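Undergrad: I'd like to go over a predicted model; first the sequence, then the structure.
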Amino acid sequence: MINMQGVRKTYQNGIQALNNMNIHIGKEEFVYVVGPSGAGKSTFIKLIIRELKPTEGTIYVNETNLGELRKKQIPYLRRKIGVVFQDFKLFPNMSVFENIAFALEVIGEPGNRIKPRVMEVLELVQLKDKARYKPRELSGGEQQRVAIGRAMVNKPAILIADEPTGNLDPETAWSIMGTLEDINHRGTTVVMATHNSHIVNKLKKRVIAIDSGNIVRDEMRGAYSYEA
Ligand SMILES: Nc1ncnc2c1ncn2[C@@H]1O[C@H](COP(=O)(O)OP(=O)(O)OP(=O)(O)O)[C@@H](O)[C@H]1O
């Protein structure tokens, strides 16, 4: 599903963000990526979604070698990967429905298929009754669920979440985790970068710990840190 071999990323300013990453994430796994600020977590995620190219090494996502991907093929990769961020990144002037539908419109989905699929997704993220609301009329947790809905509308094989609970209170964060678990149980691989030690330690999953650009720990049902 996601395979990195000998991946190194050095930014133009000379900072080596990742050194020799070797990792395999299989189908339907749920993985936390943890590590201190500046460890390389976002760089790892940006490489998977092909926002960045590695300086060295090979990355496969869904059997696609990203190094052989041409620029115009990137949108096809992005359909296989849903992405959610800490700050939701919703369109403020569009309703919940329109925010989700937009992801289908840009890939040229026929109009008659859009409404039924958006309704399915609203059901998945439990926002059917808020379809006409604008993002500013929603709580942070609801906004994050819209972002998750938008990420899932193309039925991607992989959902990447970069600090998805970062702006949410603890209770809302747990409800978002419930949504992510549900998505994972339905067959989507979930990769979540997080600083939320409470969630990682309570809701046990595979933990990949990165520090100074290296994988320092990779454990099934791992903890946030060694001490935890
Ligand atoms: N565009 C960039 N140009 C230069 N250096 C960068 C760039 N983006 C990140 N870095 C550097 O690369 C290293 C890894 O950064 P990265 O954002 O991947 O860390 P992170 O683990 O996601 O941190 P955080 O938890 O704070 O989000 C850091 O030293 C950072 O300063």
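TA: The structure has been received and is ready for your questions.

Undergrad: if I look at residue 217, how far off is residue 225?
TA: 9 Å (C-beta to C-beta, to the nearest Å). Using the backbone N, CA and C atoms, a C-beta is placed for each residue, glycine as well.

Undergrad: Now the common contact residues for these two.
TA: residue 209 (C-beta atoms under 8 Å, 6 or more residues apart in numbering).

Undergrad: pLDDT of stretch 17-26, averaged?
TA: On average, the pLDDT along stretch 17-26 is 96.

Undergrad: okay, that stretch in CSV with CA atoms only?
TA: The C-alpha trace of stretch 17-26 is given here as CSV (Å, rounded to 0.1, in the frame of the first residue of the first chain):
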residue,chain,number,x,y,z
ALA,A,17,14.4,16.3,7.2
LEU,A,18,14.4,12.5,6.6
ASN,A,19,17.3,10.1,6.5
ASN,A,20,17.1,6.6,5.0
MET,A,21,13.4,5.8,5.7
ASN,A,22,12.4,2.2,5.1
ILE,A,23,8.8,1.5,5.9
HIS,A,24,5.9,-0.6,4.7
ILE,A,25,2.3,0.2,5.6
GLY,A,26,-0.1,-2.5,4.5
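
Undergrad: Which elements pack onto the helix or strand containing residue 200?
TA: Per DSSP states H and E: residue 200 is located in helix 197-202. Judged by 3 or more C-beta pairs under 8 Å, 6 or more residues apart in numbering; DSSP states H and E, helix 197-202 is in contact with strand 30-34, helix 170-185.

Undergrad: got these as JSON lines, with mean neighbour count columns?
TA: JSON lines is the format used below for the helices and strands packed on helix 197-202 (neighbours: other C-beta atoms under 10 Å):
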{"stretch": "strand 30-34", "mean neighbour count": "23"}
{"stretch": "helix 170-185", "mean neighbour count": "16"}
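
Undergrad: what's near enough to touch the nearest residue to residue 91 once chain neighbours are set aside?
TA: Distances taken as C-beta to C-beta, 6 or more residues apart in numbering place residue 99 nearest to residue 91, at 5.6 Å, with adjacent residues excluded. Applying C-beta under 8 Å, 6+ apart, we find residue 99 in contact with 90, 91, 135, 146, 150.

Undergrad: ok, these vs the ligand, which is closest?
TA: The nearest member of the contacts of residue 99 to the ligand, counting by C-beta to the nearest ligand atom, is residue 90 at 20.6 Å.

Undergrad: Correct me if wrong: the closest one contacts residue 135.
TA: Yes. Under the criterion of C-beta atoms under 8 Å, residue 90 makes contact with residue 135 at 4.4 Å.

Undergrad: Can you name the element that comes right after the helix or strand of the chain with the lowest mean pLDDT?
TA: The weakest-scoring helix or strand in the chain, judged by mean pLDDT, DSSP states H and E, is helix 74-80 (a mean of 86). Downstream of helix 74-80, the next assigned helix or strand under DSSP H and E is strand 81-85.

Undergrad: List the strands paired with that following strand, with their directions.
TA: Applying DSSP bridges, strand 81-85 is found paired with strand 158-162 (parallel).

Undergrad: gap between the partner strand and the chain center?
TA: 1 Å (C-alpha atoms, centre = their mean, to the nearest Å).

Undergrad: Does that strand reach the ligand?
TA: No. Shown here: strand 158-162 not in contact with the ligand (C-beta under 6 Å from any ligand atom), separated by at least 7.7 Å.

Undergrad: picking that back up, what sits in contact with each of residue 90 and residue 135?
TA: 99, 143, 146.

Undergrad: I'd like to check which residues are in contact with the residue minimising distance to the centre of the chain.
TA: Nearest to the mean C-alpha position of the chain, by C-alpha atoms, centre = their mean, lies residue 160 at 1.4 Å. Residue 160 makes contacts with 45, 48, 49, 81, 82, 83, 84, 191, 192, as judged by C-beta under 8 Å, 6+ apart.
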